[in-house]
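Take a look and give me a structure for this.
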Amino acid sequence: MTYHLALSSFVNLEDISKDAQVGKRPVHVMFDVSRRLNATIHQANSDFLLPMHLICENIIGCRQDWHLAHNLSSKLRSDDVIFCADETVGLPIATLCGGRKKGPKVVVFTHNLNRVRGRLALKLFEIRKKVDLFMTANPEQVDFLRDYLSLPKQRVSLFPYQPTDTSFFTPKLALTQRSRPLIVSGGLEQRDYQTLARATESLDVDVKISAASPVKTVNSQTFPEVIPANMSYRYYDWNSLVQLYQDADIVAIALHENNYQAGLSTLFEALACRKPVIITRSPGIIQELIDAKAVLGVNPGDWQGLSQAINSLLKGSKQSEALARKGYQLVHERYNHRIYIKALMEHLTNI
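Numbers count the residues shown, from 1 in each chain. The predicted model follows:
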């Protein structure tokens, strides 16, 4: 079989690999998978527009995704396997390339299709007939896809592995001299920094937040209208982000209720740095880690519970160390880039 990897946004994987080799950033798992499978990487980076693309992008993906799918539809054959890294590029490729007599096998990793446009795309484009294997890290997405599309179990795979680079995110001593404890958080997707602000504004702590991207738009529901004096947020580059984790006493991830497990990247990066983590309860991997006593869980929007959890860990060094130790252990046993790459390759070569 000939393997292909489709990404929904353009990234220079060669440059990323070079930077990772000299410790400037974490590895990109797709680069390693492509090398091991001798796979061709396809990225949506063209602005070429057909009328159909303009219509379809209002449902799922963007015009670049549909243009990529259009190009691949004349190239992929029955001896090809294409892995789509998310649904925004995956459903366009499935629509135009999948389900054909001499077409490729299509594998799509999904994050959140249980929403209006996702459900519409699944039905309108007859995706049930066109995707050979769905993969997702979310048990709720597994149930949704099997039920909504009436799929047999073998066509929807729970893939709980995480691409966290444990050679980049590592525990080290804090460099920053501080007069009081530091609470760290990160990311913007489904984040609830209003709850984190209320939980910490009266505590004798500093709160530093890493925004996921220097150009990401901040939602009005993400941050409070007035940022407390002890809270700050800004963009951190990769090395600064690692140092931020290493300086932290606690990593606190406050989330809005969601059905696609937001917050996992920040969670596992912090655990890889051997930091105690408090996170909003959510079904799936997060709840499993809470049950395993690898992280501490709080209810959505419960600022008092979050405040109490922070105080508890700051006062209880044994509890804090136990959480950090267990989380670090699980990252190295189950949730890291090496295991992710191996598991993904097994899925693709066994389809």
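
which stretches of the stretch 201-350 of the chain form helices?
238-247, 264-272, 285-291, 303-315, 317-333, 337-349 (DSSP state H, counting those that start in this stretch).

Format those as TSV; extra columns: mean pLDDT and distance to Cys62.
Every residue, glycine included, has its C-beta placed from N, CA and C. As requested, the helices of the stretch 201-350 of the chain are exported to TSV (pLDDT from 0 to 100; distance: least, Cβ to Cβ, whole Å):
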stretch	mean pLDDT	distance to Cys62
helix 238-247	96	26
helix 264-272	97	22
helix 285-291	96	28
helix 303-315	97	36
helix 317-333	96	33
helix 337-349	98	24
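
right, so those: which one is the most enclosed?
helix 264-272 (a mean of 26; mean count of other Cβ atoms under 10 Å).

And that one, how far out from the chain middle?
Relative to its chain's centre, helix 264-272 lies at 10 Å (Cα atoms, centre = their mean, to the nearest Å).

which secondary structure elements does that helix contact?
Packing partners of helix 264-272 (3 or more Cβ pairs under 8 Å, 6 or more residues apart in numbering; DSSP states H and E): strand 182-186, helix 238-247, strand 250-253, strand 277-280, helix 285-291, helix 317-333.

quick one: it to helix 238-247, angle?
60 degrees (axes from the mean of the first three to the mean of the last three Cα atoms, to 10 degrees).

Pull the residues that contact helix 264-272.
With Cβ atoms under 8 Å, 6 or more residues apart in numbering as the test, helix 264-272 has contacts from 137, 162, 164-166, 169-171, 184-187, 241, 245, 248, 251, 253, 277, 279, 285-286, 289, 294-295, 324, 327-328, 330-331, 335-336.

now do 6 Å
162, 164, 166, 169, 186-187, 245, 251, 253, 277, 327, 331, 335 (Cβ atoms under 6 Å, 6 or more residues apart in numbering).

picking up where we left off before, relative to Ala121, which of the helices of the stretch 201-350 of the chain is closest?
Taking Cβ to Cβ, helix 337-349 is the member of the helices of the stretch 201-350 of the chain nearest to Ala121, at 22.8 Å.

Packing partners of that closest one?
Here helix 337-349 touches helix 29-37, going by 3 or more Cβ pairs under 6 Å, 6 or more residues apart in numbering; DSSP states H and E.

Show me which parts of the helix or strand following the helix it packs on are buried, residue by residue.
The first helix or strand that comes after helix 29-37 along the chain, using DSSP states H and E, is strand 40-43. For strand 40-43, burial by neighbour count (16 or more other Cβ atoms under 10 Å) applies to His42, Gln43.

if you average pLDDT over strand 40-43, what comes out?
The average pLDDT for strand 40-43 rounds to 96.

related to what we said a few turns ago, minimum distance to Ala85: which of the helices of the stretch 201-350 of the chain has it?
helix 337-349 (10.2 Å).

Now find how far off-centre that closest one is within its chain.
Its chain's C-alpha centre lies 16 Å from the corresponding centre of helix 337-349 when counted by Cα atoms, centre = their mean.

now swap in stretch 12-32 and tell me
Here the centre of stretch 12-32 is set off from its chain's centre by 17 Å, with Cα atoms, centre = their mean.

avg pLDDT for it?
Here the average pLDDT along stretch 12-32 is 96.

And the helices in the stretch 51-200 of the chain?
Along the stretch 51-200 of the chain, counting by DSSP H, counting those that start in this stretch, helices occupy 51-56, 63-72, 87-97, 116-124, 139-148, 193-200.

Dump the ones you listed into TSV; add mean neighbour count and distance to Ala272 as well.
Converted to TSV, the helices of the stretch 51-200 of the chain look like this (neighbours: other Cβ atoms under 10 Å; distance: least, Cβ to Cβ, whole Å):
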stretch	mean neighbour count	distance to Ala272
helix 51-56	14	39
helix 63-72	23	31
helix 87-97	28	27
helix 116-124	15	31
helix 139-148	18	23
helix 193-200	23	21
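
how about Lys75, what does it touch?
Here Lys75 is in contact with no residue (Cβ under 6 Å, 6+ apart).

Same check on the one 10 residues further on?
The contact partners of Ala85, by Cβ under 6 Å, 6+ apart, come to Leu7, Phe109.

repeat for Val207
Counted by Cβ under 6 Å, 6+ apart, Val207 has contacts Ile183, Thr200, Asn230, Met231.

ok, now how distant is it from Pro228?
As for Val207, its distance to Pro228 is 8 Å (criterion: Cβ to Cβ, to the nearest Å).
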